[in-house]
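**Student:** Take a look and give me a structure for this.
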Amino acid sequence: MIKISAVICGRNDNYGGFLNERATYSINSILDEVDEVIYVDWNGEDKPLTDVINIKDRTKLKVIVVSPEKCKELMGEENYSRGQKMCEVLARNIG
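**Tutor:** Modelled structure (predicted):
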């Protein structure tokens, strides 16, 4: 049996405004179509985004939290100190 997974990465910082509403729709839509979703919460400011939105089926959701300290270590002090808050390539690879 083939299992289809999706890896999504993001951070709980309300980027672009209305992040909670947009993320709720997006993650639930993907959960409807695949067997599992792996959400990588990268360098979040507080709780993971998935803790503050309404997820229909959490049994199909796996959450990996990458703390700001770990992000700084993975990205290197120079890149992190320049204000780069998100590194999608690293986050997807972790997922």
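**Student:** in the protein, what residue sits furthest out from the centroid?
**Tutor:** Distance from the centre of the chain peaks at M1, with 26.9 Å (CA atoms, centre = their mean).
**Student:** Phi, psi for C87 please.
**Tutor:** C87 adopts backbone torsions of phi -130, psi 90, taken as degrees, to the nearest 10.
**Student:** Count the neighbours of S5 for me.
**Tutor:** 12 (other CB atoms under 10 Å). Backbone N, C-alpha and C define where each C-beta goes, glycine included.
**Student:** Run through the bridge partners of it.
**Tutor:** E36 (DSSP bridges).
**Student:** if I look at it, how far off is R58?
**Tutor:** 15 Å (CB to CB, to the nearest Å).
**Student:** Using the three-state scheme, assign K85.
**Tutor:** Taking DSSP: H, G, I helix; E, B strand; the rest coil as the rule, one finds K85 in the coil state.
**Student:** show me what contacts P48?
**Tutor:** Counting by CB atoms under 8 Å, 6 or more residues apart in numbering, P48 touches 12, 39, 41, 63, 65.
**Student:** let's see 10 Å
**Tutor:** Listed by CB atoms under 10 Å, 6 or more residues apart in numbering, the contact set of P48 reads 10-12, 39-42, 63-66.
**Student:** how close does it get to G76?
**Tutor:** Counting by CB to CB - P48 and G76 are separated by 24 Å.
**Student:** coming back round to it: selection in PyMOL covering whichever of the contacts of P48 are buried, please.
**Tutor:** A single PyMOL command selects the buried members of the contacts of P48 (16 or more other CB atoms under 10 Å):
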select buried, resi 10+11+12+39+40+41+42+63+66
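**Student:** And the contacts of P48, which two are furthest apart?
**Tutor:** Pairwise distances across the contacts of P48 peak at 13.7 Å for N12 and I64 (criterion: CB to CB).
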